[in-house]
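Q: no sequence on hand, only this structure:
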């Protein structure tokens with residue numbers, strides 16, 4: 001589950017804003033700061049007109065007067081079924097652990113393999129996602145992704161032993177690896193500037209919601225039934241794709257001019273004037289195609305090295321603060337700290353994530369990136385410190401009534417702090433610090449580092465906890481403390497700057 005939060009939430013947001021920056025040129029990140037719907041007239045599907053502030057439409061939805069917003073909302077809803085599926089896959093293994101091990105007679109090592117093979121699949125999915133999305137289109141990639149997830153869930157449902165179970169888990173992992181890239185890209189490419197920021201947060205929210213729902217359903221349903229619930233978002237997505245247009249930017253990129261204009265008109269409304277936006281998209285794509293293709297080795301040139309250190313450094317600190325260990329095995333952590341039933345703590349954990357994620361999204365552009373990161377890392381430090389202390393008290397038989405309270409309090413403080421900053425901000429900064437021509441390769445490298453970290457932490461957590469729970473949380477607390485120093489010394493503030501200003505600031 002933590003994986004979904006740390007990985008998914010952030011990943012979605014990062015790639016989204018990275019794409020925004022590419023799509024919107026200089027104003028990419030700026031546009032996220034605009035109000036949800038700018039003043040002007042919006043025509044909703046029924047043809048009713050709503051006046052906002054009574055003034056005439058001034059670039060109301062990017063496309064002159066009478067832009068229709070309902071097709072954008074429908075397309076976004078269909079796409080974020082993929083984000084919800086991402087959350088369901090990630091939230092699956094925590095509530096089902098004891099039942100699957102009992103029914104299929106798995107050893108701890110076999111179950112750890114089942115838990116962490118998801119990240120290996122997702123790593124491969126994420127690595128190939130760019131190629132698949134560019135070759136088959138955004139809708140084609142979503143179809144492929146849903147097919148992998150459906151195959152995977154059926155394999156899990158019918159499995160009688162470790163082999164089929166692992167294959168199923170691997171397939172769902174590959175599917176969500178593609179989703180984690182294509183969904184935010186698709187939303188960034190279809191949304192008008194004025195509401196892009198609002199739609200960005202939906203991707204994250206649906207990932208977190210998907211994992212919370214899987215967590216809560218897992219407390220009542222059997223593990224085979226829970227596997228079948230994973231099919232629902234995929235089926236909704238596949239049906240929905242029939243009714244929505246392909247991304248106009250992709251159509252323009254592959255030279256399908258006629259379809260490009262049709263798709264753009266469907267998204268902006270019949271009567272909208274799309275000529276200005278169409279020209280902007282064409283110019284942008286020509287500029288991007290004229291840039292030389294960057295290779296991975298180019299990132300190590302002196303002009304990019306500082307950006308690389310910031311991007312990779314933030315991902316390392318995000319993962320090694322322990323989010324995936326703590327989130328993945330949260331029920332067991334509560335039990336081993338002396339809480340009588342893990343359900344109370346688990347349900348609290350699931351309920352904390354969603355509202356705090358919303359708060360973080362709102363604060364991102366108000367308070368700036370650096371303060372959010374530092375406050376967030378201080379909170380994760382405090383959370384780890386409290387949880388570590390509770391295990392210390394328990395092992396030395398001191399203040400035994402307080403140990404479970406400290407553990408639950410510590411974990412909830414940790415999750416809340418992580419959700420507000422360390423979850424999403426590293427991805428946003430990553431999307432802002434790399435120049436356009438290396439953004440693709442830089443993104444791939446950073447995503448790879450992140451998945452590797454996610455895998456390493458979720459795989460080693462159980463072994464570390466059996467070595468020493470206090471020691472484990474002390475290590476994570478140490479990483480949180482180092483994060484504060486790293487941000488204070490190396491990470492620039494990117495709020496309210498154009499991408500060019502950020503480049504100048506990094507290279508100065």
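A: Noted; the coordinates are in hand. The structure displayed is predicted, hence computed values, not measured ones. Numbering: from 1, shown residues only.

Q: surely residue 210 meets residue 233?
A: Yes - counting by C-beta atoms under 8 Å, residue 210 touches residue 233, with 7.3 Å between them. From N, CA and C alone the C-beta is placed, and that goes for glycine too.

Q: overlap of the contact sets of those two?
A: Counting by C-beta atoms under 8 Å, 6 or more residues apart in numbering, the common neighbours of residue 210 and residue 233 are 84-85, 88.

Q: low-confidence ranges in the stretch 1-150 of the chain?
A: Applying pLDDT under 70 to the stretch 1-150 of the chain flags residues 1-67.

Q: just give the nearest non-adjacent residue to residue 282, would you?
A: Excluding the flanking residues, the one nearest residue 282 by C-beta to C-beta, 6 or more residues apart in numbering is residue 252, at 6.1 Å.

Q: my bad, residue 78
A: Spatial nearest neighbour of residue 78, excluding adjacent residues (C-beta to C-beta, 6+ apart): residue 240 at 3.3 Å.

Q: what helix or strand is the one you found located in?
A: helix 231-241 (DSSP states H and E).

Q: okay, how far is it across stretch 152-166, tip to tip?
A: One end of stretch 152-166 sits 9 Å from the other (C-alpha to C-alpha, to the nearest Å).

Q: buried ones in that stretch?
A: Of all the residues in stretch 152-166, those buried under the rule 16 or more other C-beta atoms under 10 Å are 152-157, 159, 162, 164-166.

Q: helices of the stretch 151-300 of the chain, residue ranges please.
A: Here the stretch 151-300 of the chain has its helices, by DSSP state H, counting those that start in this stretch, at 162-190, 193-218, 223-229, 231-241, 248-253, 257-268, 275-290.

Q: check those for me: which has the lowest mean pLDDT.
A: Ranked by mean pLDDT, these bottom out at helix 193-218, with a mean of 80.

Q: quick one: that helix to helix 275-290, angle?
A: 70 degrees (axes from the mean of the first three to the mean of the last three C-alpha atoms, to 10 degrees).

Q: ok, back up a step: quickly compare the helices of the stretch 151-300 of the chain and say which is most buried.
A: Compared across the helices of the stretch 151-300 of the chain, helix 162-190 shows the largest average neighbour count, a mean of 26 (mean count of other C-beta atoms under 10 Å).

Q: tell me the helices and strands packed up against that helix.
A: helix 10-23, helix 70-91, helix 93-104, helix 108-158, helix 193-218, helix 248-253 (3 or more C-beta pairs under 8 Å, 6 or more residues apart in numbering; DSSP states H and E).

Q: one step back: let me know the closest of the buried residues of stretch 152-166 to residue 107.
A: Nearest to residue 107 among the buried residues of stretch 152-166, counting by C-beta to C-beta, is residue 162 at 9.0 Å.

Q: next, the contact list for residue 205, please.
A: Per C-beta under 8 Å, 6+ apart, neighbours of residue 205: 354, 357-358.

Q: which ones among these map onto helices?
A: 354, 357-358 (DSSP state H).

Q: reformat the residues you listed as CSV; add distance to residue 452 and pLDDT.
A: Conversion of these to CSV gives the following (distance: C-beta to C-beta, whole Å; pLDDT from 0 to 100):
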residue, distance to residue 452, pLDDT
354, 28, 79
357, 24, 80
358, 29, 80
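
Q: whichever of the residues you listed end up buried, select them in ChimeraX.
A: Here is the ChimeraX command that picks out the buried ones among these, judged by 16+ other C-beta under 10 Å:
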select :357,358
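
Q: closest one of the ones in helices among the contacts of residue 205 to residue 298?
A: Checking the ones in helices among the contacts of residue 205 against residue 298 with C-beta to C-beta, the nearest one is residue 357 at 34.7 Å.

Q: isn't the closest one right up against residue 204?
A: Yes - taking contacts as C-beta under 8 Å, residue 357 lies within contact range of residue 204: 6.0 Å.

Q: distance to residue 367 added to the helices and strands packed on helix 162-190, as JSON lines?
A: JSON lines is the format used below for the helices and strands packed on helix 162-190 (distance: least, C-beta to C-beta, whole Å):
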{"stretch": "helix 10-23", "distance to residue 367": "16"}
{"stretch": "helix 70-91", "distance to residue 367": "25"}
{"stretch": "helix 93-104", "distance to residue 367": "32"}
{"stretch": "helix 108-158", "distance to residue 367": "30"}
{"stretch": "helix 193-218", "distance to residue 367": "15"}
{"stretch": "helix 248-253", "distance to residue 367": "31"}
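
Q: any idea which of those gets closest to residue 485?
A: With C-beta to C-beta as the measure, helix 10-23 is the member of the helices and strands packed on helix 162-190 nearest residue 485 (20.8 Å).

Q: related to what we said a few turns ago, and the contacts of residue 205, which is closest to residue 293?
A: Residue 293 lies nearest to residue 357 out of the contacts of residue 205, by C-beta to C-beta, at 36.0 Å.

Q: report the buried residues of the helix or strand hosting residue 473.
A: Secondary structure from DSSP H and E places residue 473 in helix 469-490. For helix 469-490, the neighbour count (16+ other C-beta under 10 Å) marks 469-470, 472-477, 479-484, 486-487 as buried.

Q: what secondary structure does residue 399 sit in?
A: Here residue 399 is coil, with the state taken from DSSP: H, G, I helix; E, B strand; the rest coil.

Q: figure out which of the helices of the stretch 151-300 of the chain is closest to residue 125.
A: Proximity to residue 125 (C-beta to C-beta) singles out helix 162-190 among those, at 1.9 Å.

Q: show me which pair in the buried residues of helix 469-490 is furthest apart.
A: 469 and 487 (27.7 Å).

Q: can you pull the phi/psi pair for residue 269?
A: phi 100, psi 150 (degrees, to the nearest 10).

Q: quick check: it vs residue 209, distance?
A: 29 Å (C-beta to C-beta, to the nearest Å).

Q: same question, residue 100
A: From residue 100 across to residue 209, the span is 24 Å (C-beta to C-beta).

Q: same question, residue 472
A: Distance of residue 472 to residue 209, given as C-beta to C-beta: 29 Å.

Q: again, but for residue 489
A: Residue 489 sits 36 Å away from residue 209, taking C-beta to C-beta as the criterion.

Q: go on, residue 396?
A: Per C-beta to C-beta, residue 396 is found 40 Å from residue 209.

Q: any chance of JSON lines for the contacts of residue 205, columns distance to residue 339?
A: As requested, the contacts of residue 205 are exported to JSON lines (distance: C-beta to C-beta, whole Å):
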{"residue": "354", "distance to residue 339": "22"}
{"residue": "357", "distance to residue 339": "25"}
{"residue": "358", "distance to residue 339": "27"}
